[in-house]
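# could you look at this predicted model? Sequence included:
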Amino acid sequence: MNLHEMTAHRLHELLKAREISSTEIVEAVFNRIEAVDGTVKAYMTLTREQAMAIAREADAAFKNGQAAPLTGIPLALKDNMCTSGIKTTCSSKILENFVPPYNATVVERFRAIHTPLVGKTNLDEFAMGSSTENSAFFTTRNPWDTTRVPGGSSGGSAAAVAADEAVIALGSDTGGSIRQPAAFCGVVGMKPTYGYVSRYGLIAFASSLDQIGPFTRDVTDTALVMNVIAGHDPLDSTSVRREAPDFTKSLVNDVKGLRIGVPREYFVEGIQPEVKEAVAKTIDLLARLGAEIQEISMPHTEYALATYYLIAPAEASSNLARYDGVRYGYRAKEAPDVITMFKKTRSEGFGAEVKRRIMLGTYALSSGYYDAYYLKAQKVRTLIKQDFDRAFETCDALVSPTTPTVPFKIGEKSGDPLAMYLSDLFTIPANLAATPALSVPCALSKEGLPIGIQVMGKAFDEGTLLRIAYTIEQNTDVHNQKPNLAGAAGRDAGGPAKDAGRAHDTGRASGKDVR
Amino acid sequence: MMIKREDVEHVAMLARLELSEADTEKFTRQLNDILQAVDKLKKLDTANVEPTAHAAPMKNVFRPDKARLSWPQEAVLANAPDPVDGFFRVPKIMEG
């Protein structure tokens, strides 16, 4: 097996035994990127020189016996997390040349243990979308079938891990933006409990829902990433004061006696039969391994999507009011007065989906409609949260499909916002309830496309989720399969896949490099 | 139609967005579709339900009121579209 294909914990063993060096791993990952990213298009920006410098620090740390489990392991970051001196675009024209003066807290934490940052990954503009098709720059491809979407909004991070262009990655999840692309790309993705991971330096979309979390090749690596990113941060006032446990303690291949709920509202019509079947088989497996499976009801599930599409746009319309062309980001030229400058800046800088959500959110918050829409949605959010509270009185965790379908074709849903929103049907409730949830691969479809099962848990009980996911993983072999990217075009392959969309290393290089 | 063309124009003004003819047309249609879909919430009786603004229960969070270093001015202004003498210059704000 090549270095870039390995899990972080396997690489750590080899690093510790001094059989390999971090610089070799980083080289291998960049060679892989050269070979396949012209096709996959996971990255917005690559930070090779910086990654090599940190890899050398990592190698020194191993020599000095000061290495942590993720020291020297190549990391990719969704391009909505601030990186000091490295462009952070949110895949939006309005931030196309934005170079943050500071690091997000999660970035600082990885920096402290010498984890090399490979680059910044593509997303749906401002994390609004389910396919990366809303990126202002280019669409990322699903490594399992490059005519299909990788999911979104963290599609670049999911694809990078799936295509062996990074070993681990971070994404953000507001309504499923980690779990849905994880399911589509056949990797593990987790949205932690709201408040567990600092949002400082995460460019805000919907502040009561956003949460940063990991993409990894297996569940062990998920626990290792959580060990780095979870924990209190005084710079985020919504960060909880709570000691994070050692998540690797939860890597137990045993579900005996665990009470696992199957909410019947998550098995509605519209789910592809293959997805339903794969999830049912995995539930049978958990039952055979000794879990107590209970069918339960969460009656307000059908209202989650509508609730989310009022609350998230309302919060977004407020958060995105800051993009006015005054202090940073894009500013429209030749406006005679400041109001015209605001309007032109925002109209030229934001893409269609972002505008649509700003409009919807502004409407839901506007005088005369606030009670009917925004306040109503907040009340239904309470009912949805109560469904979870009630479920957890009798269950230790819940399982469902992560997504209703296998990855869809590029272009299939991009013209119909409502159809696109439906792909987040099963992931949205956990954001509204602020509870943790993960997606772990459970099968491949007949066409060879990944299918994920979602495990949802009580607030701050990531441990139980990891235990269930680990047991699924250890008793199936889907995580050992990789997409076949033979024939993929390299970054210098010419044509539309040519390396035109990405800036290398830091700075304000090429403002017009739109694909 | 729950939302009319004029409503879309009014909301665009509130959100400081300038929409083309075609966009106004399209958004009127799409916002109607979305509002129709979210209208199902009206079926639920929520008269006695408290709203959830933040699902994680949290009270005011305070920190010690101590002076600390912030970022240097150049670092902050490095991203400004039109910085002049340590200020953010903007087009004229007042009539006259």
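Happy to help now that I have it.
# CA only for contacts and neighbour counts going forward, please
OK.
# for chain B, list the residue farthest from the centre, please.
Residue farthest from the centre of chain B, counting by CA atoms, centre = their mean, is B:Lys66 at 31.3 Å.
# quick one: A:Ala486 from A:Ala183, how far?
For A:Ala486, the distance to A:Ala183 equals 22 Å [CA to CA, to the nearest Å].
# those two: which is more packed in?
A:Ala183 (32 against 8; other CA atoms under 10 Å in any protein chain shown).
# that one touches A:Ile451, doesn't it?
Yes: look at A:Ala183 against A:Ile451 with CA atoms under 8 Å: they come within range, at 5.7 Å.
# common neighbours of those two, please.
Counting by CA atoms under 8 Å, 6 or more residues apart in numbering or on different chains, the shared contacts of A:Ala183 and A:Ile451 are A:Pro441.
# ok so, going back, and the residue farthest from the centre of chain B, helix, strand or coil?
coil (DSSP: H, G, I helix; E, B strand; the rest coil).
# can you report how many residues lie near A:Leu465?
If you count neighbours by other CA under 10 Å, A:Leu465 ends up with 27.
# in terms of helices and strands, where is it?
helix A:462-474 (DSSP states H and E).
# list the buried residues for that helix?
Neighbour-count burial for helix A:462-474, with 16 or more other CA atoms under 10 Å in any protein chain shown as criterion, is recorded at A:462-474.
# that one and chain B, are they touching?
No: judged by CA under 8 Å from any CA of the partner chain, helix A:462-474 and chain B are separated, with a smallest distance of 15.6 Å.
# other SSEs contacting that helix?
In this structure, helix A:462-474 makes packing contacts with helix A:219-229, helix A:273-288, strand A:437-444, strand A:450-457, judged by 3 or more CA pairs under 8 Å, 6 or more residues apart in numbering or on different chains; DSSP states H and E.
# turn the ones you listed into JSON lines, including distance to A:Asp79, mean pLDDT and mean neighbour count.
As requested, these are arranged in JSON lines below (distance: least, CA to CA, whole Å; pLDDT from 0 to 100; neighbours: other CA atoms under 10 Å in any protein chain shown):
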{"stretch": "helix A:219-229", "distance to A:Asp79": "17", "mean pLDDT": "98", "mean neighbour count": "23"}
{"stretch": "helix A:273-288", "distance to A:Asp79": "30", "mean pLDDT": "97", "mean neighbour count": "18"}
{"stretch": "strand A:437-444", "distance to A:Asp79": "21", "mean pLDDT": "98", "mean neighbour count": "29"}
{"stretch": "strand A:450-457", "distance to A:Asp79": "24", "mean pLDDT": "98", "mean neighbour count": "28"}
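# may I see the ones you listed arranged in JSON lines, with distance to chain B as well?
Supplementary listing: the helices and strands packed on helix A:462-474 in JSON lines, determined by distance: least, CA to the nearest CA, whole Å:
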{"stretch": "helix A:219-229", "distance to chain B": "19"}
{"stretch": "helix A:273-288", "distance to chain B": "25"}
{"stretch": "strand A:437-444", "distance to chain B": "15"}
{"stretch": "strand A:450-457", "distance to chain B": "15"}
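# quick check, the residue in chain B closest to chain A?
Taking CA to the nearest CA, chain A has its nearest neighbour within chain B at B:Pro51, 4.0 Å off.
# would JSON lines of the helices and strands packed on helix A:462-474 with distance to A:Asp416 be doable?
As requested, the helices and strands packed on helix A:462-474 are exported to JSON lines (distance: least, CA to CA, whole Å):
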{"stretch": "helix A:219-229", "distance to A:Asp416": "34"}
{"stretch": "helix A:273-288", "distance to A:Asp416": "23"}
{"stretch": "strand A:437-444", "distance to A:Asp416": "26"}
{"stretch": "strand A:450-457", "distance to A:Asp416": "23"}
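# report pLDDT for the residue of chain B closest to chain A.
Predicted confidence (pLDDT) for B:Pro51: 95.
# now do the same contact list for it.
A:375-382.
# need the three-state assignment for it.
Taking three-state DSSP, the label given to B:Pro51 is coil.
# separation between it and A:Asp371?
11 Å.
# same check on A:Ala377?
Distance of A:Ala377 to A:Asp371, computed by CA to CA: 9 Å.
# and these two? Which one has more around it.
Neighbours per residue, other CA under 10 Å: of A:Ala377 and A:Asp371, the larger number sits with A:Ala377, 29 against 14.
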